Each structure stands twice: as C-alpha cells, then as structure tokens.
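[1] What shape does this take:
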Amino acid sequence: MSSNPITVPSGYATAFAIGFADAASGNLSIVDSGRPLPVSPVRAAAAAPLTGSTAASGTFGPFTPIAQRPVFITLGGTWQGTVSLRRSLDGGQTLLPLTLGGQAWATFSSNACEPLWEEHEDGATLFLAVTLASGTVSYRLSQ
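    Numbering: from 1, shown residues only. Predicted structure coming up:
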C-alpha cells in the first residue's frame with residue numbers, strides 16, 4: 001500500500017475505498033491492481049435491418065445505423081445494374097454518395113456480402129440507390 005504525507009493545516013485525511021462483492025464468498029473485495037472492478041461493456045441493440053428485393057430502379061431506406069458498429073451489405077439475385085450506398089443528414093432530403101479519396105465508394109454491380117461503412121455521426125441515415133437494367137436484386141443492410 002502506498003503512503004502519502006499528510007501536511008499542515010489539516011493534519012488528517014479521510015480514507016475511502018471502492019469494493020464489490022466477490023463471486024466466491026459475497027464478501028467485500030477492495031478494488032486494486034490485482035482485483036480490478038468487474039465491468040463488462042454494454043452494447044446497444046442492433047438497428048433493424050433494411051431488407052427487400054426489387055425489379056425496378058429506386059431509392060430504398062432509410063437505415064439508421066448505430067454509431068461505431070460496422071454496416072454490412074448483402075446483395076443477391078440475378079440482376080444487371082448498380083447498387084450504391086447513399087448517406088443523409090437531413091432525414092433523406094439530401095442523399096450524398098459515399099466517396100473515399102474523392103473516388104466513388106460502396107457501389108456494386110454484382111452480388112456481395114461485406115462490411116462497407118461505419119457511422120460516427122448521430123442522426124445520419126443510409127439509403128440504397130438501385131439502378132437496374134434487368135433482373136431482380138435482393139438487398140440487406142444490417143449491423
């Protein structure tokens with residue numbers, strides 16, 4: 001146990017300790033470097049996935065991601081065209097394409113299953129812009 005000098009004018013110091021009930025006996029266990037406070041992270045429930053299929057071009061969404069968790073896209077079916085992720089900060093009024101280094105990002109022309117985005121701004125929503133030449137594409141955005 002370390003000691004610290006008590007200096008004038010008080011001449012005393014109040015002591016306190018943090019503890020928890022240990023799992024073995026239920027007795028008080030003082031927190032120290034050998035017995036850290038037992039904690040576990042609490043994760044928010046995943047956002048409801050955006051799922052569907054379409055044989056027509058259109059914009060689908062919104063998907064409201066939970067911050068700091070990867071967003072996955074799954075595309076399936078027999079189709080020709082493009083599917084791209086769009087981001088909005090105003091409830092879908094303005095849909096912006098994702099870019100990375102000024103180049104298009106998250107645009108697909110075939111089936112896929114991969115992580116594609118991680119959101120860090122509260123209130124952002126994601127949409128899928130689908131432009132089909134033929135076929136039917138099934139889509140899913142999830143966390």
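
[2] Neighbours of residue 130, how many?
    Using other C-beta atoms under 10 Å, residue 130 has 22 neighbouring residues. Using the backbone N, CA and C atoms, a C-beta is placed for each residue, glycine as well.

[3] tell me the phi and psi of the residue nearest to it when sequence neighbours are not counted?
    Sequence neighbours aside, residue 83 is the residue nearest to residue 130 in space, at 5.2 Å (criterion: C-beta to C-beta, 6 or more residues apart in numbering). The phi/psi pair for residue 83 (degrees, to the nearest 10) reads phi -130, psi 130.

[4] Isn't residue 83 up against residue 138?
    No: with contacts counted by C-beta atoms under 8 Å, residue 83 stays clear of residue 138, the gap being 10.4 Å.

[5] of these two, who's got more company?
    residue 83 (23 against 14).

[6] returning to that earlier point: please enumerate the shared neighbours of residue 83 and residue 138.
    Common neighbours of residue 83 and residue 138, using C-beta atoms under 8 Å, 6 or more residues apart in numbering, are residue 75.

[7] bridging residues for the residue nearest to residue 130?
    residue 108, residue 130 (DSSP bridges).

[8] dump the residue contacts of it.
    73, 75, 107, 108, 109, 128, 129, 130, 131, 137, 139.

[9] just residue 109 next, same as before
    Per C-beta under 8 Å, 6+ apart, neighbours of residue 109: 80, 81, 82, 83.

[10] On the pLDDT front, check it for me.
    You'll see residue 109 listed with a pLDDT of 98.

[11] how far away is it from residue 52?
    From residue 109 across to residue 52, the span is 19 Å (C-beta to C-beta, to the nearest Å).

[12] same deal with residue 85?
    15 Å.
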